[in-house]
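Asks: need the 3D shape of this:
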Amino acid sequence: MDIEIKVPQLPESVTDATLVAWRKQAGDSVQRDETLADLETDKVVLEVPAPADGVMTEILVQDGATVASGDLLAKLESASPASDGNGSTKAPSRKAETVESPLVVEPIETNSPLDSTDAIKLSPAVRRMVEEHDIDPKQLRGTGRRGRILKTDVQAFLQSQPDTFGDTMAITLPSEAVEPELSERQDQRVPMSRLRARIATRMVEAQQSAAMLTTFNEVDLTEVIALRRRYKESFEASHGVSLGFMSFFIKASIESLTKFPVVNASVEDNDIVYHDYFDIGIAVSSERGLLVPVIRNADRLNFAGIESAIDRYGQKARDGSITMDDLTGGTFTITNGGVFGSMLSTPILNPPQSGILGMHKIQDRPVVIDGAVVPRPMMYLALTYDHRIVDGREAVQFLVSLKESLEDPSRLLLQV
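Replies: Residues are numbered from 1 along each chain as shown. The predicted structure follows:
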């Protein structure tokens, strides 16, 4: 019996997808639930699994094609004979059966110069290591999920080859630097992934549609650091999750958003839409690009609930299981460039939101306290806001309120 493999119903608000790569070719045997192809949307990469055991008989859509829900991708000949109801079997019918396979989220990079078989197993970091050391990926044993090759797998391989790879590799330098011929220089043109293209579009839209302005302040995190140090162990023992900085910033932001609700509002046509809830987006970097999962009703969560949500989204970003629902909506966004060493930046709005808070690196700086110069752990804060609806006064007062909450965190309930 022939089974038609069609594009399943895509997530809400997603109109089409790109067929990244086929993992099986015509004539290949497949097993039920084995991945046949990878589809990439604006936000996530999805796997199309086999609905039954059988043999791929025909592939109708090639790599790189744009597909929509219901499009026919391929045909599969089922290996299971049909029963006649009396315990016997009869020859498979050639009549095609339509099957929409369930989609499974999986992070896949498509910008690899390697062949498609290797590309679906290599993250950008691993790919760079493989190319740098001229390693054939087929020599590597992947220990990650679904056999994915990890950086530790490459490092283990390098350590096992001391005569050729690793720190013991002998490097011979020429006695004189030789400038390469200009004809030897090459450019590599790589198409943007769907996610990167979508990010680019939204960034340009934000620049063109909003009157963005950024205001700055700085905060002394002495008390927050002391409070974390004092309660870190008891907090983790009570709630089973670590106490990080982000929960303090989310709690303090909600306090400030309550005082200045226009920063939590959004613009729709000529209307200002005020929200009586606080869905806080947390910008996180993944192998595929920037993702902004949303913590719903963050004002109703305690510190432990916020930290648990952050930890859960971090894990989902790493293993590629973030869904469209996780990334949809949000009334205010927080991004932390400090984890990468950023000292100061001007974050870009996430439309249609009217505000985004930028956190930065904590660094000891000299501060005058009661007439004495003392070192304090300081962080620059940046609030980018939509000047169409948020006045400079409100933006400045928002940051002042945030600063006050963080410099006196005893007002924020830890529940430990």
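
Asks: contacts for the helix or strand hosting residue 283 next, please.
Replies: Per DSSP states H and E: residue 283 is located in strand 280-286. With CB atoms under 8 Å, 6 or more residues apart in numbering as the test, strand 280-286 has contacts from 107, 246, 250, 253-254, 290-295, 298, 310, 313-314, 317-318, 330-336, 340, 350, 353. The C-beta positions use only the backbone N, C-alpha and C, and glycine is treated the same way.

Asks: which ones among these map onto strands?
Replies: Residues from these lying in strands, with DSSP state E as the criterion: 290, 291, 294, 295, 332, 333, 334, 335, 336.

Asks: what sits against residue 10?
Replies: So residue 10 contacts 16, 17, 41, 68, 69, 103 (CB under 8 Å, 6+ apart).

Asks: go on, residue 406?
Replies: 219, 221, 223, 224, 248, 249, 252.

Asks: does the nearest residue to the last one once chain neighbours are set aside count as helix, strand or coil?
Replies: I take that to be residue 252. Excluding its sequence neighbours, the residue lying closest to residue 252 (CB to CB, 6 or more residues apart in numbering) is residue 405, at 3.8 Å. Classification of residue 405 using DSSP: H, G, I helix; E, B strand; the rest coil returns helix.

Asks: neighbouring strands of the strand holding residue 283 in the sheet, and parallel or not?
Replies: Strand 280-286 has its sheet partners listed here by DSSP bridges as strand 289-291 (antiparallel), strand 294-295 (antiparallel), strand 332-336 (parallel).

Asks: quick revisit: pull the most distant pair out of the contacts of residue 406.
Replies: 223 and 249 (13.7 Å; CB to CB).

Asks: more neighbours: which of those two?
Replies: Neighbour tally, residue 223 and residue 249, criterion other CB atoms under 10 Å: the higher count belongs to residue 249, 24 against 14.

Asks: confidence score at the more buried one?
Replies: According to the prediction, residue 249 has pLDDT 96.

Asks: OK, contacts around it?
Replies: Counting by CB under 8 Å, 6+ apart, residue 249 touches 334, 357, 359, 402, 406.

Asks: how near is it to residue 334?
Replies: Applying CB to CB, to the nearest Å, one obtains 6 Å for the distance of residue 249 from residue 334.

Asks: which residues are in contact with each of those two?
Replies: 357, 359.

Asks: which residues of this structure score low on pLDDT?
Replies: Applying pLDDT under 70 to the chain picks out residues 12-13, 43, 80-125, 144-146, 162-183, 288, 413-416.

Asks: how does it divide into domains?
Replies: Taking automatic domain parsing as the reference, the chain has its domains at 2-81+90-105, 116-168, 195-411.

Asks: minimum distance to residue 185: which of those has it?
Replies: Nearest of these to residue 185, taken as CB to CB: domain 116-168 at 17.5 Å.

Asks: element containing residue 135?
Replies: Counting by DSSP H and E, residue 135 is found in no helix or strand.

Asks: could we number from 834 for the rest of this?
Replies: With the count now opening at 834, the last piece we talked about shows up as residue 968.

Asks: that one contacts residue 987, correct?
Replies: Yes: using CB atoms under 8 Å, residue 968 is in contact with residue 987, at 6.9 Å.

Asks: so the two - more neighbours on which side?
Replies: residue 987 (24 against 19).

Asks: my read is the more buried one is in a helix, agree?
Replies: Yes: under three-state DSSP, residue 987 sits within a helix.

Asks: need the nearest residue in space to it, chain neighbours excluded.
Replies: residue 962 (4.7 Å).

Asks: which residues does the one you found contact?
Replies: Residues in contact with residue 962, defined by CB under 8 Å, 6+ apart, are 968, 984, 987, 988.

Asks: and of those residues, the nearest to residue 1098?
Replies: Looking across these and measuring by CB to CB, the closest to residue 1098 is residue 984, at 43.0 Å.

Asks: give the pairing partners of the lengthiest strand in the chain; include direction for each.
Replies: Longest strand in the chain, counting residues (DSSP E): strand 1205-1219. In the sheet containing strand 1205-1219, its partner strands are strand 1045-1053 (antiparallel), strand 1188-1192 (antiparallel), strand 1196-1202 (antiparallel), by DSSP bridges.

Asks: make CSV out of those strands and add mean neighbour count.
Replies: Converted to CSV, those look like this (neighbours: other CB atoms under 10 Å):
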stretch, mean neighbour count
strand 1045-1053, 17
strand 1188-1192, 26
strand 1196-1202, 11
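
Asks: check which residues of the one helix or strand residue 1063 maps to are buried.
Replies: Assessed by DSSP H and E, residue 1063 sits inside helix 1055-1072. For helix 1055-1072, the neighbour count (16 or more other CB atoms under 10 Å) marks 1055, 1057, 1058, 1060, 1061, 1068, 1072 as buried.

Asks: so which elements touch it?
Replies: For helix 1055-1072, the helices and strands in contact under the criterion 3 or more CB pairs under 8 Å, 6 or more residues apart in numbering; DSSP states H and E are helix 1136-1152, strand 1205-1219, helix 1225-1240.

Asks: thanks again, I'm all set now.
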